[in-house]
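> Need coordinates for the below:
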Amino acid sequence: MINRKIRRVWMGFVLVLGMVPAMAQTVVQGVVTDAISQRPLQYVSVVFKGGRGTVTDSTGHYTLRSSGNNPTVQVSYVGYKTILKTIVPGTTQTVDFSLETDPKAVNNVTVTTNKRAPYRNKGNSAVELIKRVIENKPINRMEHYDYVQYDQYEKMEVSLSNVSEKLTNSKLLKKYQFMFENRDTTKLEGKSLLPVYLEETLSKKYFRKKPEKMKTIVTGEKQVNYGEYIDNAGVSSYLNRLYMDIDIYDNDIPLFTYQFLSPIADLAPTFYMYYIRDTVTDASGMKLIKLYFTPRNTNDLLFRGNMWITLDGNYSVQKINMFLSKNANLNWVRELHIDLDFEKSEDSRYHLSKSNIMADASITKNSGGGFFGERTVSFRNYRINVPQPDSVYDGPALVKLENSNQHPDSFWTTSRHDTLTRTEAKVYSNVDSLEKMPSFRRTMAIATFLFSGYTSVGPYFEVGPAAAFYSFNPIEGFKLRFGGRTTPKFNKRLYFETYGAYGFKDERWKGFLSTTYSLNNKSIYVYPLNYIRASYQHDTKIPGQELQFVAEDNFLLSFKRGQNDKWLYNSKLKLEYVHELPNHLSYTFGFMNWKQEPAGSIVYSKLVNGATVNVNKIITSEFSGELRWAPHEQFYQGKVYRIPIINKYPIFTFRLIAGLKNLMNSQYNYQNINARYEQRIFLSQLGYSDVVVEGGYIFGRLPYPLMTIHRANQTYAYQLNSFNLMNFQEFVSDHFMSFNIDHHFNGLFFNRVPLLKKLKLREVISAKILYGGVRDENNPYKDPELIKYPTVDGLPTTFALDRTPYIEGSVGITNIFKLIRVDLVKRFNYLDHQYVASLGVRARFKFDF
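Below is the predicted model:
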């Protein structure tokens, strides 16, 4: 009896074992390529014959899953022969397909017409579908959940495309053949790609809904290094600003410093047209609608492509492939492709699993060579609504683990979400070898001198800036200047900088000397700054002139309009302490003893006992403190200046200055408070606005040279932060408020004018308003013991604003030859002042996409 029961149990066990293979899941994966070119094919249909299937992604890969016993996989694609292959059910296996062209399909003739039926949103089933997608965006976004965490892997690559054989075989480049031999001809059809830049990042992401916080913990980062001549961190920031994270559920997609309207944005049906192409079923049995979308105006910053939408009631995007129209008003970019893949998770929602952005750019769209950039992001191990301790979310939004950039190759081999190709794997070693070559270092030194104006004289000192070696002005006449500074190789903590200058008209020497000590043992030109500096400068300056990214003695600034005769001889002794924090909050404390002597048409005079007396100099001593917060600030660190990479985040600056009388012969007591707010505000298809609001108030009794001398511009260049039709030292205030707006329409109107849209011109308007004044206690007309406003031929040239604000505005055209902006500037009031114009034309050069 017992034996019989044992026999039954054993037979049942054997029966179960025999059933397992039949119930085991079948997983088939692989890649589909063209038999001749070997390039991967996307959107290829891969199915279990007679059953369900999928399509290949942008790299030609596919994955099929089934619990059935179907032994045949069928692959079909328009223009190619259909292929059937036998597989082994119940196992995981890799099966690649190489498709051959179908002659019958190739020889078909299709007759089309350029005419198309009128497109309407009303009664359009495709538009009704996209409206449902828009309505359901909130439940399909990550922000719908209380908690989300996942692993992320990023790969950013830049390559030279189609480098000519004439160049690669040049005798000058003979030493660099190892770089030219490392090419990829399979990634992009018709392109030979030579990788020159590669970076990888591994991170863990933690999202919390309330209070909202996205925490990123970087566990690994790897980047090519071109050495001291290039700001590698700045290059990374710039590339990641061009190729940003893409959330298809956002209304706007940031790329190339612009905002592209998403095809499922709230306003998308106004700018896009939609067409239902097909209904398909994916491997999980989910029914999908394939929807094609295209811009109504191909010159706008919009996409065209296909998306697959689920019919499960959530109307989520399962896959989207889109590209940029060749007519889009975007400079330098010839092609732009974006592929997003989503996977169904345990909660039956679709989460982004892979993002790929590819862009091909060149100086001209018809040139053979150019640049190819690609950013691939992979997402894994989603965990939904699993809260973490508060300590995980606390602290800064971005945290880099210690030594995250020092992992061995074995770490990356096991941690990457995808394997590097043979060409990609050699980039690190090739660039490392290149950076060590003396000939490459010499070439980079010459390039650095041409772009920044500095060149090394030995390992410890560099001479520059070259653009300031020669200049001229009405006061100094012909002016020569020569200087330089020490490099980090001289000392990691101690830095010296100096220059000497001589004016052949005033026959006076000028000069500068500074000593800087780094407190964090890092270069004083590398973020984050933390140093103390002592400096002394004796030189000329125009009151009210503010310059960005250029030296005062730059040769190009020698050319000015109008009466350029208001100058000062400044002698400044300064002590500074600068400290930047990782969260881009910085503070500066300083002391300055400032002696200013009038020059040119400026004469300091006042009444003393009823008689007019000239004042030879003004001396002040002041302490200052500045607090600056620039969240998520990005920039490229040049040799002299930081070049900002403007994003959507604001910058706040607060400054306090206190002048102390009798300290080092100081003549005045005063307090100066100044606050500034600046931000780029993106307005989707309406363009973007650069907004600056600034205000200040000075307490105390003081002469006009110590008040706020408003920023003016007497050059022929359009300056963003100055009043372009205001003369130097024309207006002064002891209290003021200013508002500047510079709005770019990005071709919103020109794109709709048949002839103009081919030129890809763009519109810009600006307005600058200044309200201010001088209190009676600081008004020389009310108190004759104060220094008088300067005059020319008995008429004043410096004024206080009355109750009417100063206003100027401009209309302009940008993107002329892709580089030039020209503005017609209008000054609306205070036109009775000497040497002013109500209209002016100003130009500006800028490289932009």
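
> Which parts of the stretch 151-300 of the chain are strands?
Using DSSP state E, counting those that start in this stretch, the strands of the stretch 151-300 of the chain run over 193-208, 213-223, 252-255, 258-261, 272-281, 287-295.

> want to try JSON lines for these, with distance to residue 581 as columns?
For glycine as for every other residue, the C-beta is placed from the backbone atoms N, C-alpha and C. As requested, these are exported to JSON lines (distance: least, C-beta to C-beta, whole Å):
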{"stretch": "strand 193-208", "distance to residue 581": "21"}
{"stretch": "strand 213-223", "distance to residue 581": "18"}
{"stretch": "strand 252-255", "distance to residue 581": "26"}
{"stretch": "strand 258-261", "distance to residue 581": "29"}
{"stretch": "strand 272-281", "distance to residue 581": "44"}
{"stretch": "strand 287-295", "distance to residue 581": "44"}
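
> any chance of the ones you listed in JSON lines, plus mean neighbour count, distance to residue 782 and mean pLDDT?
Formatted as JSON lines, the strands of the stretch 151-300 of the chain follow (neighbours: other C-beta atoms under 10 Å; distance: least, C-beta to C-beta, whole Å; pLDDT from 0 to 100):
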{"stretch": "strand 193-208", "mean neighbour count": "20", "distance to residue 782": "60", "mean pLDDT": "93"}
{"stretch": "strand 213-223", "mean neighbour count": "17", "distance to residue 782": "56", "mean pLDDT": "93"}
{"stretch": "strand 252-255", "mean neighbour count": "20", "distance to residue 782": "53", "mean pLDDT": "89"}
{"stretch": "strand 258-261", "mean neighbour count": "22", "distance to residue 782": "51", "mean pLDDT": "88"}
{"stretch": "strand 272-281", "mean neighbour count": "16", "distance to residue 782": "64", "mean pLDDT": "88"}
{"stretch": "strand 287-295", "mean neighbour count": "19", "distance to residue 782": "63", "mean pLDDT": "91"}
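
> To residue 687, which of those lies closest?
Of all these, strand 258-261 sits nearest to residue 687, with 8.6 Å by C-beta to C-beta.

> Paired strands for that closest one, with orientation please.
strand 252-255 (antiparallel) (DSSP bridges).

> ok so, going back, just so I know, which of the strands of the stretch 151-300 of the chain lies nearest residue 49?
strand 272-281 (14.3 Å).

> And that closest one, what does it pack against?
With contacts defined as 3 or more C-beta pairs under 8 Å, 6 or more residues apart in numbering; DSSP states H and E, strand 272-281 has these neighbours: helix 125-135, strand 287-295.

> thought residue 67 was touching residue 27?
No: using C-beta atoms under 8 Å, residue 67 is not in contact with residue 27; the gap is 10.4 Å.

> buried sites along the strand or helix carrying residue 596?
Element membership for residue 596 (DSSP states H and E) is strand 585-600. Neighbour-count burial for strand 585-600, with 16 or more other C-beta atoms under 10 Å as criterion, is recorded at 586, 588, 590-600.

> For burial, what's the neighbour tally of residue 487?
19 (other C-beta atoms under 10 Å).

> whoops, residue 832 was the one
Counted with other C-beta under 10 Å, the neighbours of residue 832 add up to 6.

> my guess is it is in a helix, correct?
No: going by DSSP: H, G, I helix; E, B strand; the rest coil, the assignment for residue 832 is coil, not a helix.

> can you map out the strands along the stretch 651-800 of the chain?
Secondary structure of the stretch 651-800 of the chain (DSSP E, counting those that start in this stretch): strands at 651-659, 670-682, 688-699, 708-709, 731-733, 735-744, 762-773, 791-792, 795-796, 799-800.

> The fourth one pairs with which strands, parallel or anti?
Partners of strand 708-709 in the sheet, by DSSP bridges, are strand 731-733 (antiparallel).

> what separates the strand it pairs with from the chain centre, distance-wise?
Average the C-alpha atoms of strand 731-733, do the same for its chain, and the two points are 36 Å apart (C-alpha atoms, centre = their mean, to the nearest Å).

> Residues touching that strand, excluding its own?
The contact list for strand 731-733 (C-beta atoms under 8 Å, 6 or more residues apart in numbering) reads 696, 704, 707-710, 712, 770, 772-774, 798-801, 806.

> List the buried residues of that strand.
731-733.

> which one among those residues gets closest to residue 312?
Set against residue 312, the nearest of the buried residues of strand 731-733 by C-beta to C-beta is residue 733 (63.8 Å).

> quick one: the closest one from residue 832, how far?
Distance of residue 733 to residue 832, computed by C-beta to C-beta, to the nearest Å: 19 Å.

> Grab the most central residue of this structure for me.
The structure's the chain has its C-alpha centroid closest to residue 241; by C-alpha atoms, centre = their mean the separation is 3.5 Å.

> Name the nearest residue to that one, sequence neighbours excluded.
Residue nearest to residue 241 in three dimensions, not counting chain neighbours: residue 645, with 4.9 Å by C-beta to C-beta, 6 or more residues apart in numbering.

> which residues sit in contact with the closest residue to residue 287 other than its chain neighbours?
Among residues not flanking residue 287 along the chain, residue 311 sits closest, at 4.5 Å (C-beta to C-beta, 6+ apart). Residues near residue 311 by C-beta under 8 Å, 6+ apart: 286-289.

> got it, and residue 456?
445, 462-463, 487.

> Relative to residue 495, which of the strands of the stretch 151-300 of the chain is closest?
strand 213-223 (25.9 Å).

> Relative to the closest one, what are the paired strands and their orientations?
Applying DSSP bridges, strand 213-223 is found paired with strand 193-208 (antiparallel), strand 398-400 (parallel).

> then that strand to CSV, C-alphas only?
Provided in CSV are the C-alpha atoms of strand 213-223 (Å, rounded to 0.1, in the frame of the first residue of the first chain):
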residue,chain,number,x,y,z
LYS,A,213,12.9,65.9,-4.4
MET,A,214,15.0,64.2,-7.1
LYS,A,215,18.2,62.9,-5.7
THR,A,216,21.1,61.7,-7.9
ILE,A,217,23.9,59.7,-6.5
VAL,A,218,26.7,59.3,-9.0
THR,A,219,28.5,55.9,-8.4
GLY,A,220,30.8,56.1,-11.4
GLU,A,221,32.1,58.5,-14.0
LYS,A,222,34.6,58.2,-16.7
GLN,A,223,35.8,60.8,-19.3
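
> Contacts only, for residue 234.
635-637, 643, 645.

> now for the residues you listed, which pair is the farthest apart?
Longest span within the contacts of residue 234, C-beta to C-beta: 637 and 645, 10.9 Å.

> re earlier: just the pLDDT for the residue nearest to the centre of the chain.
pLDDT, residue 241: 73.

> just checking, it touches residue 235?
No: applying C-beta under 8 Å, one finds residue 241 not in contact with residue 235, separated by 10.7 Å.

> Tell me how far residue 593 lies from residue 574.
Distance, residue 593 to residue 574, using C-beta to C-beta: 8 Å.

> Sorry, slip of the keys, the one I care about is residue 300.
Note on residue 300: its distance to residue 574, by C-beta to C-beta, is 50 Å.

> Looking at these two, which is more packed in?
The neighbour comparison of residue 300 against residue 574 (other C-beta under 10 Å) goes to residue 300, with 22 against 16.

> Distance-wise, check residue 680 relative to residue 235.
For residue 680, the distance to residue 235 - C-beta to C-beta - is 21 Å.

> Please apply the same query to residue 382.
On the measure of C-beta to C-beta, residue 382 and residue 235 end up 31 Å apart.
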